[in-house]
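>>> Kindly generate the corresponding structure for this input.
(one chain, ligands or ions: 1)
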Amino acid sequence: QNVTEPTLDTKSISFAGNTSNVPPPVPPPLNSTYFCTIDKGEVISPTCDVTFDEINDINHKIRKDLVNLVHTDFFKYFRLHLYKQCPFWNQNNGFCVSRSCAVDVVEDWDSLPEYFQPEVLGGLQENETISDEGSVTEDCKFLDDLCANDKKRMIEPDIEYCDVNDLHGEGSVLVDLTANPERFTGYGGQEASQIWSSIYGENCFSKGETGQSLAKDAFYRLVSGLHASIATHLSNDHLNTETGKWGPDLDLFMARVGNFPDRVSNMYFNYAVVSKALWKIKPYLDHLRFCDSYDPSVKATIMNILSQLNSKVFNEDLIFEGELSSKLKDDFRIRFKNVTKIMDCVHCDRCRMWGKVQTTGYATSLKILFELDESDENSKQHVVDKLTKYELIALFNTFDRLSKSIESVNGFEKMYNVRLEGGKIASFFKQNNFFKLLGRAGKSISESVQGISRSGEQVSDESTTSKGQKTSGPVFGDLKLPEAKPRNSNESSTNIWVKAWHTEIHNVGEAFKFIFRSYIDLPRNLYTLVLSTINSMWNSFVGARYWNWEEENPIVYNLNTW
Ligand SMILES: Cc1cc2nc3c(=O)[nH]c(=O)nc-3n(C[C@H](O)[C@H](O)[C@H](O)COP(=O)(O)OP(=O)(O)OC[C@H]3O[C@@H](n4cnc5c(N)ncnc54)[C@H](O)[C@@H]3O)c2cc1C
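I've put the predicted structure just below:
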């Protein structure tokens, strides 16, 4: 395969990552009690001297600034060629292009209102898209003020990891990224799978190069991290078609990302790669001159963010093992460029837009990491001086996407743990059932009470009877019934009256004791009855959710039964 041409051998492409010799992701063992089974104290990869915890810390510190930054005018408008012909295949051939192909996420899609349809969810806010270069000149002239030397770019030697012509020139459109958030669009099915297969298929390097395995691994992790990050966003901002509300969907996240520690780890890897690229250009960004139209705080915000980054997060020198001019590196670059071009084949507008922004951001990072040699003035001229405004925008927006993903992973972990605890409690109550025991106690009390009242009825019945022939055992504790007069008894009538007197006195005493005990027991009995009622309400509440969960998510359910 000639990697310099935009051709893809789609026949040889098997499913995600299989052609890359990277072992397929292994789901965590079911008896694991950890979210994603990642040890957060471990380093992310052999090329990153940073742990998951450290990345979480960095991200926590910069998150607010990064959100503010990507909402500034400078960073929210992105220019790109959004509607290009797919260079690799005829989009109308070989792929399922009917809308029904996208109906694999939501069942019975057609019955949903128009605004739930994938074209609408995946569409762009038309009024926020400025497609005519002329309309930009008045109000948004400032957009061209920084790095206005795009057009003077030299393309020899080729150090680009994406098609730089994609970002400007005739046919490009300007999009407000903040008006078109990256979220669930309904895009999926065979079309999306085919795109992902093609992207993973690019991870097929020329044989025989030293350092190939590290380069392949890095390439695979970049793609898989991008894939996982997209899946995290669409799970975090997902449309519940029953309620019509947007919000996080833990089950979806677990099925796409959370149950695959390697996918989570690949997102952290990408975070390390992009943050190292930003760290590397920090000295040059310090000299950036923004025109007056910009809020002066933009640069201060950039510097705040960069001050939290460090160099040890990623060691780019290890990837090609010092052979920075090798064919392997060229191969890597051209193949990544192909990945950016495949974005033109994505059928959903908004997915394509974010796909392009992010692959441009990664391509810019790779260019900075692999082509910028700070000790070489020439390389500085080729890389830093020629960095365009849109590459910079893509770089920070890609960093923001990864930062949001890391934040979401932590959010999902909390949700997972809450659910895990909920599941454990439900399971505990189901098996050991403290409340059930109390419930039983309550039940037996109520049975006793019923028994008492039945016995009371019996007493009166039997008393009546006893007035005749029947003798009966004690009913209230030691309460005694007057003994029936035996037939042919020799006992004197005086003795009988004395016995009857004692019996009555005893019974009056027992009756007082019973009444007194009832008052003492009343609070305890009331407490037990209230607990028992609450328990049965709680069991029916927790039990119902619990079983729904099992039906819908057997794996997650299993995780919760340990
Ligand atoms: C460039 C691009 C951008 C997209 N943007 C959006 C968007 O903004 N919103 C939206 O709702 N949808 C978007 N999609 C669609 C989305 O990525 C999924 O393709 C879609 O949701 C269907 O998911 P799926 O579960 O069928 O599997 P896919 O995500 O299509 O994955 C296919 C196969 O790849 C493997 N795989 C999955 N994830 C990984 C990973 N991280 N690492 C390694 N292997 C993996 C699995 O074996 C999986 O079965 C985008 C697709 C593309 C190609």
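
>>> Check which helix or strand residue 526 maps to.
For residue 526, the element it lies in under DSSP states H and E is helix 493-552.

>>> Which strands or helices does that helix pack on?
Under the contact definition 3 or more C-beta pairs under 8 Å, 6 or more residues apart in numbering; DSSP states H and E, helix 493-552 sits against helix 389-431, helix 434-466, helix 554-559. C-betas here are computed from N, CA, C, even on glycine.

>>> is the longest one anywhere near the ligand?
Yep, that's helix 389-431 we're talking about. No: on the criterion C-beta under 6 Å from any ligand atom, helix 389-431 is out of touch with the ligand, staying 10.1 Å away.

>>> so who does residue 75 touch?
For residue 75, the contacting residues are 69, 177, 298, 393, 396, 397, by C-beta atoms under 8 Å, 6 or more residues apart in numbering.

>>> What of residue 240?
Contacts for residue 240 (C-beta under 8 Å, 6+ apart) come out as 246, 247, 249.

>>> so what's it bridging to?
residue 245 (DSSP bridges).

>>> From residue 249, how far out is it?
Residue 240 sits 7 Å away from residue 249, going by C-beta to C-beta, to the nearest Å.

>>> hmm, back to that, now the buried members of the contacts of residue 240.
Buried by 16 or more other C-beta atoms under 10 Å: residue 249, out of the contacts of residue 240.

>>> So which residues of the stretch 201-350 of the chain form helices?
Assigned by DSSP state H, counting those that start in this stretch, the helices in the stretch 201-350 of the chain fall at 212-236, 250-253, 261-280, 282-285, 297-307, 327-342, 349-371.

>>> And those, which one averages the lowest pLDDT?
Ranked by mean pLDDT, these bottom out at helix 282-285, with a mean of 87.

>>> Point out the other elements, helices or strands, that that helix touches.
On a contact count with 3+ C-beta pairs under 8 Å, 6+ apart, helix 282-285 meets helix 297-307.

>>> now the angle from the helix it packs on to helix 389-431?
If you take axes from the mean of the first three to the mean of the last three C-alpha atoms, to 10 degrees, helix 297-307 sits at 60 degrees to helix 389-431.

>>> how near is the nearest residue to residue 311 once chain neighbours are set aside to residue 58?
Beyond its immediate neighbours in the sequence, the residue positioned closest to residue 311 (C-beta to C-beta, 6 or more residues apart in numbering) is residue 279, lying 5.7 Å away. With distances taken as C-beta to C-beta, residue 279 is found 11 Å from residue 58.

>>> Kindly report the same for residue 196.
To residue 58, residue 196 is 29 Å away according to C-beta to C-beta.

>>> cool, and residue 81?
Distance of residue 81 to residue 58, computed by C-beta to C-beta: 34 Å.

>>> what's the answer for residue 337, then?
29 Å.

>>> what's the answer for residue 394, then?
Relative to residue 58, residue 394 is positioned 21 Å away (C-beta to C-beta).

>>> Which residue of these two possesses the greater neighbour count?
The neighbour comparison of residue 394 against residue 58 (other C-beta atoms under 10 Å) goes to residue 394, with 27 against 21.

>>> residues near the residue lying closest to residue 270 once chain neighbours are set aside, how many?
Leaving out its chain neighbours, the residue that sits closest to residue 270 by C-beta to C-beta, 6+ apart is residue 225, at 3.6 Å. Using other C-beta under 10 Å, residue 225 has 26 other residues around it.

>>> wait, isn't residue 225 in contact with residue 266?
Yes: under the criterion of C-beta atoms under 8 Å, residue 225 makes contact with residue 266 at 3.7 Å.

>>> helices and strands of the chain: which one bottoms out on pLDDT?
Within the chain, no helix or strand scores below helix 554-559, which has a mean of 30 by mean pLDDT, DSSP states H and E.

>>> Residue 502: neighbour count?
Count around residue 502 with other C-beta under 10 Å applied: 11.

>>> Tell me how far it lies from residue 178.
For residue 502 relative to residue 178 (C-beta to C-beta), the value is 94 Å.

>>> residues in the stretch 301-450 of the chain within reach of the ligand, list them.
343, 346, 350, 351, 354, 355.

>>> what ranges do the strands span in the stretch 101-250 of the chain?
129-130, 173-176, 238-240, 245-247 (DSSP state E, counting those that start in this stretch).

>>> looking at those, which is closest to the ligand?
The ligand lies closest, by C-beta to the nearest ligand atom, to one member of the strands of the stretch 101-250 of the chain: strand 238-240, at 8.1 Å.

>>> Any residue of the closest one touching the ligand?
No: judged by C-beta under 6 Å from any ligand atom, strand 238-240 stays clear of the ligand, getting no closer than 8.1 Å.

>>> Can you tell me which residues in the stretch 51-200 of the chain are near the ligand?
For the stretch 51-200 of the chain, the contact set with the ligand under C-beta under 6 Å from any ligand atom comprises 182, 184, 185, 187, 188, 192, 193, 195, 196.

>>> Those residues: which two are farthest apart?
Across those, the longest distance by C-beta to C-beta is 19.2 Å; it joins 182 and 193.

>>> Please say which of those two ends up with more neighbours.
Applying other C-beta under 10 Å to residue 182 and residue 193 shows that residue 182 carries more neighbours, namely 24 against 13.

>>> Look up the closest residue to that one, ignoring the ones flanking it.
Here the residue nearest residue 182, using C-beta to C-beta, 6+ apart, is residue 354, at 4.4 Å.

>>> again with residue 310
Nearest non-adjacent residue to residue 310, counting by C-beta to C-beta, 6+ apart: residue 279, 6.5 Å away.

>>> Isn't that neighbour up against residue 312?
No: counting by C-beta under 8 Å, residue 279 does not reach residue 312; the two are 9.6 Å apart.

>>> quick one, which of those two is more surrounded?
Neighbour count, other C-beta under 10 Å: between residue 279 and residue 312, residue 279 has more, with 19 against 13.

>>> Surely residue 49 and residue 311 touch.
No: between residue 49 and residue 311 there is no contact under C-beta under 8 Å: 9.2 Å.

>>> Give me the more crowded residue out of these two.
Comparing residue 49 with residue 311 by other C-beta under 10 Å, the one with more neighbours is residue 49, at 16 against 12.

>>> Okay, buried residues for the strand or helix carrying the more buried one please.
Applying DSSP H and E as the criterion places residue 49 in strand 48-51. The neighbour-count criterion (16+ other C-beta under 10 Å) identifies 48, 49, 50, 51 as the buried residues of strand 48-51.

>>> Now do that strand: which elements does it pack against?
Checking 3+ C-beta pairs under 8 Å, 6+ apart, strand 48-51 ends up next to strand 43-45, helix 261-280.

>>> next SSE after it?
Using DSSP H and E, the helix or strand that follows strand 48-51 in sequence is helix 52-70.

>>> downstream neighbour of that next one in the secondary structure list?
Toward the C-terminus, helix 52-70 is succeeded by helix 73-76 as the next helix or strand (DSSP H and E).

>>> Pull out the buried residues from that next one.
Buried residues in helix 73-76, counted by 16+ other C-beta under 10 Å: 74, 75, 76.
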